[in-house]
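[1] Got a predicted structure here, sequence first:
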Amino acid sequence: MVPLSWYIILSAVMFSIGVFGFLARRNLIIVFMSVELMLNSVNISLVAFSHYLQSMRGQILVFFVITVAAAEAAIGLAILIAFYRNNPTIKVDEINLLKG
Amino acid sequence: MENIILNQLNYPVLTCTVFLPVAGALLLLFLRGDSLIRFTTLLVTLATFVISLPLLTDFDKTTYKMQFVEKHEWIPSWGINYFIGIDGISILFIFLTTLLSILCVLVSWKAIENKAKEFHIALLTLEAGMLGVFVALDFFLFYIFWEAMLIPMFLLIGVWGGPQRVYAAIKFFLYTLVGSVLMLVGIVVLYFTGGNTLDILALSALQYPLKLQFWLFLAFFAAFAVKVPMFPFHTWLPDAHTEAPTAGSVILAGVLLKMGAYGFLRFSIPMFPDATRLFVKPVFILSVIGIIYGALVCLAQKDLKRLIAYSSVSHMGFVTLGIFALNIQGVEGGILQMVNHGIITGALFLMIGIIYERTHTREIAAYGGFATLVPWYAGLFIILTFASIGLPGTNGFIGEFLILFGAFKAQKLYGVLAATGVILGAGYMLWLYQKIFWERPGPDYGPSGRHPVRDLGLREVVTLAPLIALIFWIGFYPEVFLGYMHSSVERLLQDFNLSAYAESQNLMAQLREIF
Amino acid sequence: MKYTLIPLLPLLSFIINILFGRNFIKDKAHWIAVPAVAGSFILAVSAFMDVLAGNVINLNIYNWIVSGDFQVSIGFLIDQLTAIMLIVVTSISTLIFIYSIGYMHGDGGYYRFFAYLSLFVFSMLMLVMANNFLLLYFGWEAVGLCSYFLIGFWFHKKSAADAGKKAFIVNRFGDFGFGLGVILVFLTFGSLDYAQVFGNAGSVVGQTINILGTDYDLITVICLLLFCGAVGKSAQMPLHVWLPDAMEGPTPVSALIHAATMVTAGVFMVARCNPLFNLSHTAMNTVAVVGGVTAIFAATIGLVQNDIKRVIAYSTVSQLGYMFLALGVGAYSAGIFHLYTHAYFKALLFLGSGSVIHALHDEQNMQKMGGLKKYMPVTYAVFIIATLSITGIPGLAGFFSKDEILYRAYLGGDTGKFLWLLGTAAALMTSFYSWRLIFMTFHGKFRGTHEQEHHLHESPKVITVPLMFLAVGAIFAGYAGIPPLLMEHGDRIGEFLSPVLGHPHGEGTHAEEMMVMASSVLVALAGWFIAHKMYVKNPELPRKVAEMFKPFYNLLFNKYYVDELYGKTIVQPVLKISDKVILGFFDAKIIEGIVNGVPNLIGAFSRKFRQVQTGLLSNYGLAMALGALAIIGYMIFMR
Amino acid sequence: MTAPQVFFSYFAAMITGLSLLVVTRKNPVHSVLWMLLLFVHIAGLYLFLNAEFLAAIQIIIYAGAILVLFLFVIMLLNLRKEETEKRFQRQWPLGLGIGVVLMMFLVPVLGNISVVPPLGPYSVDAIKSEGHIMTVGKVLYTEFLLPFEIASVILLVAIVGAVVLAKRRLE
Amino acid sequence: METANIITLAGVRLIIPELTMVCMGLILLLLDLVVKKKGVIAAVGIAGALVALYGTFKLFGIGGPQTAFANMFVLDGYANFFKLIFYLNIILTVCISLKYMAIEKASFGEYYALLFFSTAGMMIMASAADLIILYLGLELMALSTYILAGLMRKQPRSNEAALKYFFLGAFSSAFLLYGISLTYGLTGTTNLKEIASALQALNISGSPTVFIGLIFLIVAFGFKIALVPFHMWAPDVYEGAPTSITAFMSVGPKAAGFAVLGRVLFDAFGSMQVQWNSILVPLAVITMAAGSILALAQSNIKRMLAYSSIAHAGYMLLGVIAGTPGGLTSTVNYLMIYMLMNIGAFAVIIMLRREGFQGENLEDYMGLAKGHPLASALMLIFMFSLTGIPPTAGFIGKFYVFMEAINSGYTHLAIIAVLFSVVSAFFYLRVVMYMYMKDPKEDVVLTTSCSMNLALAFTAVMVLVIGIFPSLLLDIVRVSILG
């Protein structure tokens, strides 16, 4: 039997990688993908918990997370496109019109 | 309920007094035309003064109890009431405030041309705020008035003031705010210590542990010492005074500064008697430093208004000295000196405002020989000068003498040191008088000069006359004013002496208990 | 009570003149002032009669200040001492008011002059009539105020303005002590009423007061504090500096205030407090020594001054020293007696000099005078009378009073002997400078301009008549106190005052008294002789003497550099410290530095830290992640 | 090591490795492709945890919808320069540090996690007997109806938002 | 537990206000297709909000707290009061945005619809008794707000604001989910009440894992209410977003964030108060400090108000820190008052915006009092209220939270708070100073409209009335939350 903690550790590692990606990458699209990584890591832990707790809630939540992720992707990419129309860059460190 | 006498008049006299100016201010919102606004404001202030007169006539001098009390539920969920009333300590300030407000309107008649409507609205709300501070018997109400007053004053200085007005206004506002907010914390702590009430009388009747008293005293001290202002928290005052328009300076000197000392009397001493005892010495030291320091700075001043402002520091040093002498003479002298300072320095600022309208300079060196040019003005000024010095026969003497008496009785050394302030006071005031009025007039201000100055007009004389009359009235028959405060002061000190807990313990033991 | 009118009449005159003088009364101001003060005089005489008949009046009018157990009333006490003072004040005032009509004629501030003078009379009367210390203090300060106004009467002159201010401030130093003394009196006796205080004086003997850790005798402290006031007001050392400068005022003012009345207030006060002073040897000795030293100190300065009024002013200081000397040796009545005679002859001297100055169009330097006797015979005559009187020539007023003082000093033990020597030496100088004044002014040749010489004339009647009256006083006033040696029961004034002032201690032999009397007459004559030798016989001599004792002469001519000393050690340091240290550094740099520094610091913080807000999304994420990490680290691993 | 553990280890290693590839590839297209593989592995893990429906959704929505959207946007923006520029920003060491520290914080704490609460009724057998989709559906349409409806509104908002923001309008 | 009759009519009744809001959103979307006049859409929207308000009002107090949908949705005074805040927020926002959005050329019908969807999300958050609902409500609110922030598509600043808001929002959502996941894993449930009982029953209040879950939740909520250091999006987004949305955003999501923060901390993690307090106290301090201090250097008034809103979040947090129902009440009270004065202030800012003139810089306010005394007076009231000077409502709000903080023994925190409120006074005063004490540079023309005037009048009057008669508000708040 695989212990629960393995899943959770996997999830934590993946979450951390996501955080790293979010903080380190310049390309907004990859930054966004890092967020998706984080969400997926949470999903893994949720499903694992759900399985080990013999409860359905975690899986339901994963279902909603996936839904929301889809919505988020739609909106996020729409914002990105709207942004790109006025500012032809998607480099994180070139976006600092608002600051101070 | 045994400490109050409900309002016996058939109308809520205090409420009317306090809120009539507010009503007036609201009325002004709908008026147009500067002269109409001026007249309305004058009428409102006059009416307020008249309405407040029954307070003086119907006041029962034989009792220390709060009189003309009105008490209504206000914020029941916090146990806060609309609770107002006056006793012998506050009544004179009501009188002073209502009187000075009239004069402020008069003196601004010509001086304020820009945004006259806003000016008068600010003036009236300021009056209401000040009156409210003196009548409030609930901390919450008190604090509201105490802070609300800052807004119109801030505007008075900042909008209608001199060249450095913005700096002065913000300095004034923030400086006083720092003190007040600390007091606010103290008030809230009291609220919970005193059993969820902010009733000042109820809270005064309680005993607090020494440690709590110590911190609360400090919190309140922060607010009051800034307002007084005591050395070394005084530097907002010269700027505010100097930059404020005449009416602002008058109100500032006449009433606003009194609130700090009033706070000591109303809150610090009765509520924190043990801490007060502990702080007598520091306050004495600060007061004496203030007296001498203020006077010395005056000796070196080159700006007319600044000089009077620093003299306020010196004079208010006397006031705190008297109050913390904690004997009847000292306290009564302190209260009377507050009134006196309001009258004298208020009048001095009126005078300076009047002359500034003519010469447009506050630089002392620019003056000289004005006694020849404006003899009546010079005559009134000399009266104020000597009242400020504390010449017997003027009100200044009565106050200063009682204070020195009280201080000397309490702590000889400080009494003696404070008395040196009297010498220095004569020094700077007479120096000022000489520089302005004596010697030869400069060519600019003569009848054929660039800025010919004219003597006092009727409006200006009317403005000053009541204050001059008061100077001599108090000087020769102070009982009229002292009479109001005897019972209250006696009661204050009696209560104070009852909690003689601290006396038995030495200082170190007390400090050890606190820390 | 009608006697309350004594002060009120002048007050009324003041009020009317000051309010309406400028626009309505103008040069008719004397029509109000003179009757008012004359009325006071008449009432004063009637009061004197009352007292003479044995009625001492002590009347409380109303409670002035009430605060707890502190109570003080406005009330009048007319006893023997007051009665004498009333007569002196009102009589001399009346004469000087009349004199002023002529003297001040045509001055722009004519109404103002009479108003201030009336106010002064009111204040002085309040001072002498007070029945308690605080009202005394009231009068005390009020006369100071009037003095300030009157010295600075010609305020457009800087010197006059400075002098007025100086007089007031120097007096404040004395009043500082006086005020504290009054407070201490109340704290000791629980009252400020003369009757109660003096009645209980004995009960506090031996009590001490702790000042800065040392115990002092309470009565001594009280007396010395009160004496501080007297030193200021009566221009004794070291607070004498204001009086010579006060000569900037119009001459009638010098005569009335700075010679006859106000400056003697200190003497009056100490005499009034004799029950207290009697209880303290230290205080008495201090009074006596200050008086004696001042007497000779001022006299030495008077020797070399050239300003006619200043000479008389130093003479006044010196004579006031005599009075204190008398008080200090316990001869209160002698002091008051001298006060009384001095009032006449010194007023006479001043008014005489005023007459001279008037004639010379405000020339006060004696070196520009000379030979006036043929132009101004009346003035000359009264000057001679006054000089004879002040130098103590037998038969004139000054002789009796001065002699009494010197005799009492002589009887006062070793200190007394020393003081007597001082007094006698001072008498020699007094004689010298008085005659010097006469010789320089009236004898020899006129040294002024032709313009002035052309206009030389005797003063009008309105000036000379009061002079004559005063001259009569200067001659006969002394007969109120003839020493018992010359006439049994001749010391009527001493007897009259004895209920208040008591009898002086000590009895001397006739021989001793004769000796004292003779020596003082002798020195008076010697003074005349020297002066005559130097200024009439040999006019070159003074210059030579001055050359010979150059340093000493300079010291005297510059009044021992006291003014300079005060200027260097007190005035300038205070001003400098105020300006440079307190205002310029402490207030502007330290306090304002903190007050403005804190907001500036916060502002600097703000500008610095807003750079953290880089605008970069990843930085923001970094902050969030770091925050989360910090919290986790803190919560999980730190605790 | 038991068989499931070996199985898990493979997936764990792949997931970790693929994640790293996703966040480190220079070309976003490559990242997307690695991500696709990653999602497949995650779906495998779901299967392993008896969540067949979720595994299906993972593939359909994530791989099928979201990743395609990503690819689409990448193409749309036509990012040619990408090849030549730096992939990391200046602060990347800090980011790495945070990632590592976060991992060091989380792993020890979560490493000893175990199931303590009372277990629910959805045992492996219970789900197996009814079928996973059935089970999820039952719960979703009864107990979690409200969230389900809210999710629908969210999707509506997404549509509206995408239209408002990205559609070219005639103005 | 998982019973069949989970959906009851009674249950649906409880979500009528939310349903109304969502339906309003749909109606407005459709209406936009047929009606050209935006005023009509706005009016319909306001009417809809009022209907929802009425619904909430009708539901209020019927038999105490009620739950529905398998205890996922709760309707109690707490939720109702928050909903009141949201209604007023949306109504006032609609009022002030009518003319403004036209000037910004972003007057889309979707704008109003999204406001409604967003508000529906907030309302769901306020009523959430389950972490799943909470998450979905939060996402509904957040996604709508992202769009709203970027609605001015032609303006780079707006684009950037939306971009930053979105990315950081997504980042924080991940934290939220991680927190939810850990909490779920340890307690076996996502229901707040059940979490609380599970924490008790399993005695895992001290478990570091629960802790990390809680911390991640706080991080996510802290992001929504802009606590330092999770605040950094706020200034940029507030500055870039359309001003009306800034107003909306500075109140709505913040209030919703506080709603869930209070609900989660009190209902679910009540037993861990010591722990979460030791997180919140330092956060509150640095939030007040950073908000107050950083605002000093701003010259853009929207940005300044953003920092001010951060500082205010710090003050509000005091009530939560107090850890008592009373404390929570004070926070809610503060939020209501903050909503009034903040929207009022933004309304004045919006009035300055006109074709070709941004009116966002402090310099633009120079001498405003000369030409527009009334508008300046209103701004003055709002500024003093934000400072917390009586007799304005701002003082009442501050007083209440300080009171509760001190009552719980956080006197030192209250002292720090009042001192920072003095610091913050400076930048509010600066606005007043520019309006009243400087001479106008150029003539400022104000853009007013009927609805704008209404909103201004309402907020100003309320600010003063509550300042003078605080009982009017206090009684409602206390009844709502303390019962």
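    Looks like it came in fine.

[2] Near residue 38, how many other residues are there?
    Here I'm looking at chain A. Close neighbours of residue A:38, defined as other Cβ atoms under 10 Å in any protein chain shown, add up to 27. Using the backbone N, CA and C atoms, a C-beta is placed for each residue, glycine as well.

[3] sorry, should have said chain B
    Residue B:38: 20 surrounding residues under other Cβ under 10 Å.

[4] repeat for residue C:604
    Neighbours of residue C:604 under the rule other Cβ under 10 Å: 12.

[5] Got the phi and psi for it?
    phi -60, psi -40 (degrees, to the nearest 10).

[6] what's in contact with the helix or strand hosting residue B:463?
    Residue B:463 is part of helix B:458-476 when elements are defined by DSSP states H and E. The contact list for helix B:458-476 (Cβ atoms under 8 Å, 6 or more residues apart in numbering or on different chains) reads B:99, B:103, B:106-107, B:109, B:336, B:339-340, B:343-344, B:346-347, B:350-351, B:354, B:376, B:380, B:383-384, B:387, B:392-398, B:456, B:480-481, C:64, C:74.

[7] Swap in 7 Å and give it another go.
    B:99, B:103, B:106-107, B:109, B:340, B:343-344, B:346-347, B:350, B:354, B:380, B:383, B:387, B:393-395, B:397-398, B:480-481 (Cβ atoms under 7 Å, 6 or more residues apart in numbering or on different chains).

[8] can you pull the contacts of residue 33?
    Answering for chain A, as no chain was given. Contact analysis of residue A:33 by Cβ under 7 Å, 6+ apart lists D:22, D:31, D:35, D:70.

[9] Sorry, I should have been clearer: chain C.
    The contact partners of residue C:33, taken as Cβ under 7 Å, 6+ apart, are C:13, C:17, C:97, C:114, C:117, C:118.

[10] What's the first helix or strand after the host helix or strand of the last one?
    When elements are defined using DSSP H and E, residue C:118 is found to belong to helix C:110-129. The element immediately downstream of helix C:110-129 (helix or strand, assigned by DSSP H and E) is helix C:133-151.

[11] Could you give the average pLDDT over that following helix?
    Throughout helix C:133-151, pLDDT has a mean value of 89.

[12] can you tell me the average pLDDT over the helix or strand just after it?
    Where DSSP H and E defines the elements, the next helix or strand beyond helix C:133-151 is helix C:158-189. Averaging pLDDT along helix C:158-189 yields 88.

[13] Now do helix C:158-189 and helix C:133-151, the angle between them.
    Here the directions of helix C:158-189 and helix C:133-151 differ by 180 degrees (axes from the mean of the first three to the mean of the last three Cα atoms, to 10 degrees).

[14] which residues are contacting stretch B:428-437?
    Stretch B:428-437 is contacted from outside by B:295, B:298-299, B:307, B:311, B:364, B:367-368, B:370-371, B:378, B:381-382, B:385, B:388-389, C:161, C:165, C:168-169, using Cβ under 7 Å, 6+ apart.

[15] Repeat that for stretch E:161-178.
    Stretch E:161-178 is contacted by residues A:15, A:22, A:31, A:35, A:38-39, A:42, A:65, A:72, A:75-76, A:79-80, A:83, A:95, A:98, C:617, C:620-621, C:624, C:628, E:135, E:139, E:142, E:146, E:149-150, E:216-217, E:219-220, E:223, E:230, E:233, E:236-237, E:240-241 when judged by Cβ under 7 Å, 6+ apart.

[16] try 6 Å this time
    With contact meaning Cβ atoms under 6 Å, 6 or more residues apart in numbering or on different chains, stretch E:161-178 is reached by A:22, A:35, A:38-39, A:42, A:72, A:76, A:79, A:83, C:617, C:620-621, E:142, E:146, E:149-150, E:216, E:219-220, E:223, E:233, E:236-237, E:240-241.

[17] Stretch B:184-199 close to chain E?
    Yes - applying Cβ under 6 Å from any Cβ of the partner chain, one finds stretch B:184-199 touching chain E at B:185, B:188, B:189, B:192.

[18] which parts of that stretch are buried?
    Neighbour-count burial for stretch B:184-199, counted by 16 or more other Cβ atoms under 10 Å in any protein chain shown, picks out B:184, B:185, B:186, B:187, B:188, B:189, B:190, B:191, B:194, B:197, B:198, B:199.

[19] next one: stretch C:528-543
    Across stretch C:528-543, burial judged by 16+ other Cβ under 10 Å covers C:528, C:530, C:531, C:532, C:534, C:535, C:542.

[20] for stretch B:26-45, same thing?
    Neighbour-count burial for stretch B:26-45 flags B:27, B:28, B:34, B:37, B:38, B:40, B:41, B:42, B:44, B:45 (criterion: 16+ other Cβ under 10 Å).

[21] what is the mean pLDDT for the helix or strand harbouring residue C:531?
    Here residue C:531 sits within helix C:510-532, counting by DSSP H and E. Helix C:510-532 comes out with an average pLDDT of 84.

[22] just stretch B:361-377 next, same as before
    Stretch B:361-377 comes out at a mean pLDDT of 85.

[23] do stretch C:236-247 as well
    Stretch C:236-247 carries an average pLDDT of 86.

[24] The longest strand that chain B contains pairs with which strands?
    Identified as the longest strand of chain B according to DSSP state E is strand B:66-75. With DSSP bridges as the test, strand B:66-75 is paired with strand B:4-6 (parallel), strand B:80-86 (antiparallel).

[25] Just the closest of the buried residues of stretch C:528-543 to chain E, please.
    Lowest distance from chain E to these (Cβ to the nearest Cβ) belongs to residue C:542, with 72.3 Å.

[26] Give me the distance from the helix or strand hosting that closest one to the chain's centre.
    Taking DSSP H and E as the criterion, residue C:542 maps to helix C:541-548. Centroid separation between helix C:541-548 and its chain, computed with Cα atoms, centre = their mean, to the nearest Å, is 33 Å.

[27] what's the answer for stretch C:437-447, then?
    30 Å.

[28] List the buried residues for that stretch?
    By 16+ other Cβ under 10 Å, the buried positions in stretch C:437-447 come out as C:437, C:438, C:439, C:440, C:441, C:442, C:443, C:444, C:446.

[29] so who does the nearest residue to the last one once chain neighbours are set aside touch?
    Okay, so that is residue C:446. Using Cβ to Cβ, 6 or more residues apart in numbering or on different chains and skipping the chain neighbours, the partner closest in space to residue C:446 is residue C:371 (4.5 Å). By Cβ under 6 Å, 6+ apart, the contact list for residue C:371 reads C:444, C:445, C:446.
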